[in-house]
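Participant: predicted coordinates and the sequence they were generated for:
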2 protein chains.
Amino acid sequence: MLSVHKQSGDFLYQQVIDLIFQQIASGVLAPGDKLPSLRQLSNELAVSIPTVRQAYLELERQGQVIAREKSGYFIQDKRYNPLVSVDCRACKPVEVRCRNLIDQIYDAIHSPDVLPLGIANPCMALPATKTLHRTMKRVMARAEERTLGYAHTTGDLGLRRQLAYRYLNHGLSINPDQILITNGAQEALALALKSVASAGDVIAVESPAYHGLLELIESLGMLALEIETCPISGVSLDALSKALLRHNVAACMFSSSLNNPLGCVSSNEQRKELVDLLENNEIALIEDDVYGDLIYDQPRPHPAQYYSRKGLVLTCSSFSKTVAPGYRIGWLLAGNFYATAHKLKRAISCSSGLLQQMTLTDFIASGDYDRHIKRLLPVLKFNAQRMTAAVARNFPAETCISQPRGGSVIWLQLPHEVDSAKLFHQAINHNISIMPGEIFSAGRRYQNHIRLSYGHPWSEAMDQGVATLGRLVMQQLAAA
Amino acid sequence: MLSVHKQSGDFLYQQVIDLIFQQIASGVLAPGDKLPSLRQLSNELAVSIPTVRQAYLELERQGQVIAREKSGYFIQDKRYNPLVSVDCRACKPVEVRCRNLIDQIYDAIHSPDVLPLGIANPCMALPATKTLHRTMKRVMARAEERTLGYAHTTGDLGLRRQLAYRYLNHGLSINPDQILITNGAQEALALALKSVASAGDVIAVESPAYHGLLELIESLGMLALEIETCPISGVSLDALSKALLRHNVAACMFSSSLNNPLGCVSSNEQRKELVDLLENNEIALIEDDVYGDLIYDQPRPHPAQYYSRKGLVLTCSSFSKTVAPGYRIGWLLAGNFYATAHKLKRAISCSSGLLQQMTLTDFIASGDYDRHIKRLLPVLKFNAQRMTAAVARNFPAETCISQPRGGSVIWLQLPHEVDSAKLFHQAINHNISIMPGEIFSAGRRYQNHIRLSYGHPWSEAMDQGVATLGRLVMQQLAAA
């Protein structure tokens, strides 16, 4: 008979966890077994349902159990090694050179019939197609030829108002006149980087870093300096401080909301410390906040800009990860650099698509955006668990797996003999696209890493694809 | 009794013209009078209807008569001075500095209730709203969630195929893989310029030049060198040759299809000579071809790229002038610079809007695009005549007026005492937006010039607006 001790100093949910661990250790619960339902265990232990739920959530977070929608909680089929550290010592500013491989990766992404484990496309896990199309048709009917015309170079005022209102809910007081609508977050990042730095400047990035940031640094003739980043807590402020002493860093460009590919989220305290460190040194921070609304089990952290006192933080985001990448609508909160960024925007692309801006304005105002995110998040989280379980089943035991806190990708550290660029080509021959690790580094690190995306409805083909990848990795190991 | 001499050496249509000139000179025909109908004069002179039509068209081209849709041909209310030359001697490469005024101009353009004589927006003279919306809905229904996804970084293959096919019809053999879809022509120009030149380089432009080109040169830290441009025949190759000897020109950026704001079209011979001159000197030509499909009374000239032998011509165009500026879909034929331009595109904005690309693909394939242009051209030409007549009626007699061969703007040279930046502010106080001349120059020329747009359905308000502008000019003259 299981029981908890209500007078013990331990939290009740922690005692529930301990009981389940005991059962796993004693073999009562085996991999793949279903846990009792919340109600069942609540009755059995005479604790509240929320207490049991909290215990299960924590076990899920630790990767011990997985939740299957409408089925309940199951013991992980196979234990796996969580990724806990990244080797990024002694980095120096370097030129970025990773473009040829990226050409091939993009071609693969857009080939029909290729299993899309490469591209990070979270909103496609549960596309809001019907609602968006209905909204767009409503806008067309209402605004007629206005929808064909030029938007203001700063963006449609309606959308900027909605965004300002949303930021207010995240604690950030932004005026619609401080928002610049852009062609996706990538243009926002380009405008931001061009506004704060010039060719030859050193830009600090996380390591690993989103390849789009590295491509941008390369295209502007700047140098990238990789900063050690913890797969659990984000960029190392200690490593960053030391780097600032050693190198003349012009700006930092960090995926502040959620590191891509690591999937880690830094705490609000860490964000404050980061901004203080940089602003005390008069260094601009460009934050890529595209995943801010896609964090699974915790309140949305403050954008780093929330902690800015000097206006040196530039926040870039978009609807490409949450709603519709093809709309190409993003935005930039450029802080002190607004005027410069606005003039650049006008010069390099004039304005952004008006019909999409008006559609998104309605989509947010009607509450559809929030409803969509609320439905999307559990699907993504479920997919993350499926993907983790599939990798654990099929990849070599030494594989370390990131534990994404949001978004739609996991990052795998494979045995050091594995060549992930070669694996990319082998996978393409099996009609599977993946992202090889080296494109997430300016210094050709991560050649035995890959990023896998689960931003599509989970399917049998995904399971089979991961199994094929695992087999290819095993073959590389056998040949090594 | 009027008559022509069929045995005379003169063309019959020229004799018809001469007869009408005689009648104007003798006072038989007065300003505002209606000319006989084609059939009537054809009967009276015993010449064919096409001969009379040719005579009327030539008179119209000379600004002697204007055609009113469904009403016939009328003697110009008032004679005017055609603009025949531009003063642009002794130009030197200079930094561009015109942005503050442009900020105010853009704000004015987007203010509601302002008469839009500033922005060049030809397709709004007859918006294809219904057809475009119907096409977009069809695409949405057919492609569903695909319409929300990322387009390929080079653009949707369907659209690139349609564009390649259209270029083939203009004599240019282009493979879809040589086309890069961009966020409007402005991004195409930005990619092109960044691909061929660097900060500090000298870029030759026409004088006057489209302000968007000058803003781009400024944003990239380059220098602009204005080249004398004839309001009738386009950029002076003589002036350009001399400039190439004196200055180290890295590239030319010309509105090859139709100069904006002059409205002139260079001949195919001149285009060939231009390309030969530049390619012999290994200098790249970036041609802004956005008005190529909007030339009134002559076959579309070849894009300059047609004459390229070395791959140094980069052609930029878009659907913003012909169909829907708000769609932000343009393209770049980058010649030898394709790989560089493609990588830049991916780094600075990833890809362009997919739904709009798919909609335009259908719009072209169905023949709707060509039907739309065919209906739009006579409206624009009619508006040009109305605008010219309205200016002639209301502005000082010394005003010289350009004779646009296409597009949707006229360029006015006002008496030298007039300050057009001041006029811009005065006009805004009367809720009228115009483009002051100086933003079309890197060297603060054209301060007594303005550009007026007729790219909207003609209305009583347009007549009144031009009358107000004329009064403001008169007031400036009286105060001078």
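Facilitator: Yep, that arrived. Numbering: from 1, shown residues only, chains lettered A, B, ... in the order given.

Participant: chain B contacts on the stretch 151-300 of chain A?
Facilitator: Applying Cβ under 8 Å from any Cβ of the partner chain, one finds that the stretch 151-300 of chain A approaches chain B through A:151-153, A:183-184, A:186-187, A:190, A:199, A:212, A:215-216, A:218-220. Any C-beta I mention is one placed from the backbone N, CA and C, and that applies to glycine too.

Participant: burial of the residue of the stretch 151-300 of chain A found nearest chain B, as a residue count?
Facilitator: Nearest residue of the stretch 151-300 of chain A to chain B: A:S219, at 3.7 Å (Cβ to the nearest Cβ). Neighbours of A:S219 under the rule other Cβ atoms under 10 Å in any protein chain shown: 20.

Participant: what sits against it?
Facilitator: B:343-344, B:347-348 (Cβ atoms under 8 Å, 6 or more residues apart in numbering or on different chains).

Participant: TSV for these, including pLDDT and neighbour count?
Facilitator: Shown next, in TSV, are the contacts of A:S219 (pLDDT from 0 to 100; neighbours: other Cβ atoms under 10 Å in any protein chain shown):
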residue	pLDDT	neighbour count
B:K343	93	20
B:L344	95	25
B:A347	93	24
B:I348	94	26
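
Participant: want to throw those into CSV with secondary structure and distance to B:I286?
Facilitator: As requested, those are exported to CSV (DSSP: H, G, I helix; E, B strand; the rest coil; distance: Cβ to Cβ, whole Å):
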residue, secondary structure, distance to B:I286
B:K343, helix, 18
B:L344, helix, 14
B:A347, helix, 19
B:I348, helix, 17
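
Participant: and A:L180, what element?
Facilitator: In the assignment (DSSP states H and E), A:L180 maps to strand A:179-182.

Participant: partner strands of that strand, parallel or antiparallel?
Facilitator: Here strand A:179-182 is paired, per DSSP bridges, with strand A:330-333 (antiparallel).

Participant: quick one: contacts of the strand it pairs with?
Facilitator: With Cβ under 8 Å, 6+ apart, strand A:330-333 has contacts from A:155, A:160, A:163, A:167, A:174, A:178-188, A:191-192, A:290, A:303, A:305, A:314-320, A:341.

Participant: in helices only, show me the residues you listed.
Facilitator: A:160, A:163, A:167, A:184-188, A:191-192, A:341 (DSSP state H).

Participant: lowest pLDDT pick from these?
Facilitator: Ranked by pLDDT, the ones in helices among the contacts of strand A:330-333 bottom out at A:Y167 (94).

Participant: correct me, but it touches A:I174?
Facilitator: Yes - counting by Cβ atoms under 8 Å, A:Y167 does reach A:I174; the two are 4.6 Å apart.

Participant: using TSV, please lay out the ones in helices among the contacts of strand A:330-333 together with neighbour count.
Facilitator: TSV is the format used below for the ones in helices among the contacts of strand A:330-333 (neighbours: other Cβ atoms under 10 Å in any protein chain shown):
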residue	neighbour count
A:R160	23
A:L163	21
A:Y167	21
A:G184	31
A:A185	28
A:Q186	27
A:E187	30
A:A188	30
A:L191	30
A:A192	33
A:A341	25
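
Participant: determine which two of these are furthest apart.
Facilitator: Pairwise distances across those peak at 20.5 Å for A:Y167 and A:Q186 (criterion: Cβ to Cβ).

Participant: and stretch A:108-124, average pLDDT?
Facilitator: Here stretch A:108-124 scores 88 as its mean pLDDT.

Participant: next one: stretch A:132-139 to chain centre, how far?
Facilitator: 28 Å (Cα atoms, centre = their mean, to the nearest Å).
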